[in-house]
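J.: Can you look at this prediction? I've put the sequence above it.
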Amino acid sequence: MEATEMRTTEDLQMKQLMVVRPRYGELLIQALLGLCAIVSIVTTVGIVLALVEPSIEFFSEVSLKEFFTGVNWAPLFNPPSFGVIPLITGTLVTTFWALAVCLPFGLGAATYLSEYASPRTRSILKPVLEVLAGIPTVVYGFFALTFVTPLLQDIWLVGEGPGVFNALSAGLVMGVMILPTIASLSEDAMSAVPGGLREGALALGSNKAQVSTRVVIPAALSGIVAGFVLGVSRAVGETMIVLVAAGSTPNLSLNPLEAMQTMTGFIASAGLGDQPTGSIGFKTIFAVGAALFAITFVMNMFSIRLVRKYREVYE
Amino acid sequence: MARKVEGTTMTEENQAQVTPMQQIEPQHHADKAPRESLVTVDDVTVKYSGSTAVEGVTFDIATNEITALIGASGCGKSTLLRCINRMNDLIPGAEVTGTINYKGVDLYGEKIDPVQVRKLIGMVFQKPNPFPKSIYDNVAFGPRVLGIKEDLDEIVEKSLRRASLWDEVKNRLNSSALGMSGGQQQRLCIARAIATSPDVILMDEPCSALDPISTGRIEDLMEELKTRYTIVIVTHNMQQAARVSDKTAFFTVNVNEDDKRFGQLVEFDDTEKIFTNPSDQRTEDYVTGKVG
Amino acid sequence: MKSIGASAARNELESRHRDFFERGFMLALIFSLGIGIIALVTLILQVLVEGFPRLNSELLTNFPSGNPEIAGAQSAIMGTIWVIGVTAAFTIPVGIGAAIYLEEYADKERWWNRFIELNLQNLAAVPAIVYGILGLAFIVRGFLGLGQTVLAAGLTLGLLVLPIVIISSREAIKAVPDTIRQGAYALGATRWQTVRRQVLPASIPGIATGTILALSRAIGEAAPLILIGGLTFITFNPESVNSNFTVLPIQIFNWVSRPQDEFRVLAAAAIVVLLVILLAMNALAIFLRNKYQRKY
């Protein structure tokens, strides 16, 4: 403790203050931690590489024109046919019905949590929604197939009801699955709206409903849209629900009561049968995967952009 | 600003010794032989991402004295304090020019290790910031990172005694530091700084978050500590500077041609002189409460 | 201005038409929330009712079989434990390491660090099945060539949940007040000493909570494992990370896709097992969060 008296010469001082040797341990740790961070970059590069090479091979065998304009999807049949449009319409139909559920109800739930619920109510309801988001998708698939579809068949009044496999029940259940995502992102955006804006409107004699619809939601719009876009991305990328409940028949139709195959559904069912490396079936998985990745990537980036924008405005 | 702080920190017991400036114990007359300079600050300028925070500061810090840095908010006194133990290195975009010598060694020299600098020049912060650990572990943290394993108990006890905290906590060394009062926490932070046996202790407004009684205790403690350590204190409270310090550096806020604010040192002298007969009009206006 | 009478004032203040809109709006909002909650309750009740006949010990002790009477999920349960073990062993150190790097070391002004950040946000939203494609191309076959093994499945799921672990760990690290770091640096601690002795201990509860939730996501994931061959008929427990495997969600999918009703009952019963595991993990996460919530 009394070292002060001992330090007299400048030399000794210098020695104490100098870097005796670089801290190799510190540098090593920093390098290791940096490597961990790079794993995420490697993952992205890996995904892109995994998709690109077989896709290029695929398109050397199948023309882009056939792939993107063909209306018949039967890649594993003989003779094969590679028109991806039925898979895209299948994806669109299930996504549409999912959005029909999760957009209005997700926004409604977010508005309630942000503008109406007391902190106590919110602290109970939010975890319940989180549980909903934590249920495995294969369970949702089971629910769609064994509960929602029979229910729809029972209550269907006009014409022929939905088949055993149909896009409607898959879409509706998917909507419930995505609802928490949209609710939570929208609520974040709405909570970020400064209280002053609300108070201003309330002071002018508006009621809460008017404040919500005319002040808070418009002010939080970019965040809400970001949530919607992310929701669409999740619907497009969802696999297990459609695989279980929507069937595995490529079907160029917009009728949600029919069985359909989505892009993800195709990738999974093709993956079920062990496709040998290099076979056209194997390459097809990657070509459809590349299209799926590209679509969701664009939506994710758009959504991330929007979130950043509203954060910049209010933070 | 300073007025307000003054009002809140005065108590009946220390009011008497505060109000009449003349009663400050004349410990270090200017005619007395000057003490050895431990740290010399020479033409130091600090910029954050290109914009100047404080410019062209020069003064000396003498061994076993208390040097107070005073001035209005934004005058750069805390910024300057953080240069002395190279804490500014941790702020991205911070840039220090000029020289700060410690016993003749340039602290910003090429081979100097900021981690070593901080071991010799300790720091106490504005808000008490005990680690969320036990009282013992708080004090032992510094020695432990230095690699000291033996005699930890002894170091902890000694440090707590010097921070006049031992008697209050000796029976609960293993309870959380977060359960202490604000004043105790700040003394714990002082004990923590002492435990690495530094030469210099930098204090960045150590009493601004404390009540008057705790403030009084810390001030008494500083008086005791200066027999072993050299202390530099930043304070908003002029009365505190007058009470505890030997030398005072008065900083002010200037506005440059681009309309940006930056700090400057106006005057550095014996505390007594600064408070009774300052050479600069701006110092006089500040210490008499005309501005600030 | 003419003063208005008390009844007129009351009329003004009560304005019923507004009240009606306000109430209708609020009911619509409550209904929105209700949809989710009703769906959750219905789903749980349905699997309980449907799976009840097979919720017995044979479900846990028997192996899959073509005969639904004697089929069980033992190999799937053990497979899940093995696979998640690998996932945890990979993703926890890498995820926490990356989070520490990004929060404590990286200079956020540098373009590559901003790129890592953006990349992470995107990865968190990449469809699960795409990770399956990655696993198929480079982990099962190609570069690593591990085959359809526990190790390949664990690593694939590890990559899938890595962004979640990193993002939640970063939040936990960010929540440690900066004054703690300053205090440690001022005592002459190096960066790593500060991280290891102050920042990490203070953020461990938050990191643990996020990590458990990420692992519970991995436990329920089926799509990527379908691609890397989890759907083979497995009637044995894994013995090492190089064993073939099946996991609970895959077993459930297998049973659901069979036409016989008996297999659906089995699927429901297995879902109950899966949900109980997830519930236990969630409860643990919430417990940790509440118990160690620090107030600075």
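T.: Received, thanks. Residues are numbered from 1 along each chain as shown, chains lettered A, B, ... in the order given.
J.: where exactly do the helices run in the stretch 101-250 of chain A?
T.: A:119-134, A:137-143, A:149-155, A:167-191, A:195-203, A:208-210, A:217-219, A:221-237, A:240-245 (DSSP state H, counting those that start in this stretch).
J.: I'd like the ones you listed laid out as JSON lines, including mean pLDDT and distance to residue B:147.
T.: Quick note: C-beta positions are derived from backbone N, CA and C, even for glycine. Below are the helices of the stretch 101-250 of chain A laid out as JSON lines (pLDDT from 0 to 100; distance: least, CB to CB, whole Å):
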{"stretch": "helix A:119-134", "mean pLDDT": "86", "distance to residue B:147": "45"}
{"stretch": "helix A:137-143", "mean pLDDT": "95", "distance to residue B:147": "52"}
{"stretch": "helix A:149-155", "mean pLDDT": "90", "distance to residue B:147": "68"}
{"stretch": "helix A:167-191", "mean pLDDT": "92", "distance to residue B:147": "46"}
{"stretch": "helix A:195-203", "mean pLDDT": "83", "distance to residue B:147": "51"}
{"stretch": "helix A:208-210", "mean pLDDT": "84", "distance to residue B:147": "61"}
{"stretch": "helix A:217-219", "mean pLDDT": "88", "distance to residue B:147": "55"}
{"stretch": "helix A:221-237", "mean pLDDT": "90", "distance to residue B:147": "49"}
{"stretch": "helix A:240-245", "mean pLDDT": "93", "distance to residue B:147": "54"}
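J.: For residue B:181, which of these is the nearest?
T.: helix A:119-134 (29.7 Å; CB to CB).
J.: Show me how far that closest one is from its chain's centre.
T.: Relative to the centre of its chain, helix A:119-134 is centred 20 Å away, using CA atoms, centre = their mean, to the nearest Å.
J.: returning to what we had before: tell me the most buried of the helices of the stretch 101-250 of chain A?
T.: Neighbour counts (mean count of other CB atoms under 10 Å in any protein chain shown) averaged over each of the helices of the stretch 101-250 of chain A peak at helix A:240-245, with a mean of 31.
J.: just for the chain, where's the confidence low?
T.: Just going to use chain A. Scanning chain A for pLDDT under 70 picks out A:1-16, A:18-21, A:311-315.
J.: that's the wrong chain, I wanted chain C
T.: Looking at chain C by pLDDT under 70, you get C:1-18, C:230-232, C:293-296.
J.: the helices in it, which residues?
T.: Ranges of helices in chain C, per DSSP state H, are C:6-14, C:16-51, C:57-61, C:74-100, C:111-123, C:128-134, C:150-174, C:178-186, C:191-194, C:200-220, C:223-227, C:248-256, C:261-291.
J.: ok now the third one, how far from the chain's centre?
T.: Right, helix C:57-61. The answer for helix C:57-61 is 26 Å, by CA atoms, centre = their mean.
J.: who does it touch, helix- and strand-wise?
T.: helix C:74-100, helix C:261-291 (3 or more CB pairs under 8 Å, 6 or more residues apart in numbering or on different chains; DSSP states H and E).
J.: Repeat that for the shortest one.
T.: Under the contact definition 3+ CB pairs under 8 Å, 6+ apart, helix C:191-194 sits against helix A:24-61, helix C:178-186.
J.: Now do the contacts for the closest residue to residue A:106 other than its chain neighbours.
T.: Distances taken as CB to CB, 6 or more residues apart in numbering or on different chains put residue A:182 closest to residue A:106, at 3.2 Å, once the chain neighbours are dropped. By CB atoms under 8 Å, 6 or more residues apart in numbering or on different chains, residue A:182 lies in contact with A:102, A:103, A:106, A:107, A:110, A:227, A:228, A:230, A:231.
J.: Test my guess that the fourth one contacts residue C:32.
T.: What that stands for is residue A:107. Yes: contact criterion CB atoms under 8 Å: residue A:107 and residue C:32 qualify, at 7.5 Å.
J.: what does the stretch 101-250 of chain B have sitting close to chain C?
T.: B:115-116, B:118-119, B:122-123, B:125, B:127, B:129-133, B:141-142, B:144-146, B:178, B:189, B:192-193, B:195-196 (CB under 8 Å from any CB of the partner chain).
J.: Please list which of those are also close to chain A.
T.: Counting by CB under 8 Å from any CB, the members of those near chain A are residue B:116.
J.: Just the buried subset of the residues of the stretch 101-250 of chain B next to chain C, written out for ChimeraX, thanks.
T.: Remark: buried members of these, expressed as a ChimeraX selection using 16 or more other CB atoms under 10 Å in any protein chain shown:
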select /B:115,116,118,119,122,123,125,127,129,130,131,132,133,141,142,144,145,146,178,189,192,193,195,196
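J.: What residues does the stretch 201-315 of chain A have near chain C?
T.: A:207-209, A:212-213, A:230, A:233-234, A:236-240, A:243-244, A:264, A:267-268, A:271-272, A:274, A:277, A:285-286, A:289, A:292-293, A:296-297, A:300-301, A:303-304.
J.: what's around residue 34, how many residues?
T.: Since no chain was named, I'll use chain A. Neighbours of residue A:34 under the rule other CB atoms under 10 Å in any protein chain shown: 17.
J.: try again with chain C
T.: Neighbours around residue C:34, by other CB under 10 Å: 15.
J.: can you tell me how far it sits from residue A:179?
T.: According to CB to CB, to the nearest Å, residue C:34 and residue A:179 sit 11 Å apart.
J.: in what helix or strand does residue B:97 lie?
T.: strand B:94-102 (DSSP states H and E).
J.: Which neighbouring elements make contact with that strand?
T.: Using 3+ CB pairs under 8 Å, 6+ apart, strand B:94-102 is in contact with strand B:37-48, helix B:77-84.
J.: what's downstream of that strand, the next helix or strand?
T.: Strand B:94-102 is succeeded, C-terminally, by strand B:105-106 (DSSP H and E).
J.: immediately after that next one, which helix or strand?
T.: That would be, after strand B:105-106 and using DSSP H and E, helix B:114-120.
J.: Quick one: mean pLDDT for that next one?
T.: Helix B:114-120 carries an average pLDDT of 88.
J.: How about residues contacting that helix?
T.: A:16-19, B:85-87, B:89, B:102, B:107, B:142, B:146, B:196, B:198-200, C:185-190.
J.: Alpha carbons of that helix, as PDB, please.
T.: Taking Å, rounded to 0.1, in the frame of the first residue of the first chain, the C-alpha atoms of helix B:114-120 are listed here in PDB:
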ATOM      1  CA  PRO B 114      -4.000   3.600 -20.400                       C
ATOM      2  CA  VAL B 115      -4.900   0.700 -18.200                       C
ATOM      3  CA  GLN B 116      -1.700   1.300 -16.100                       C
ATOM      4  CA  VAL B 117      -2.500   5.000 -15.900                       C
ATOM      5  CA  ARG B 118      -5.800   4.300 -14.400                       C
ATOM      6  CA  LYS B 119      -4.200   2.100 -11.800                       C
ATOM      7  CA  LEU B 120      -2.100   5.000 -10.600                       C
END
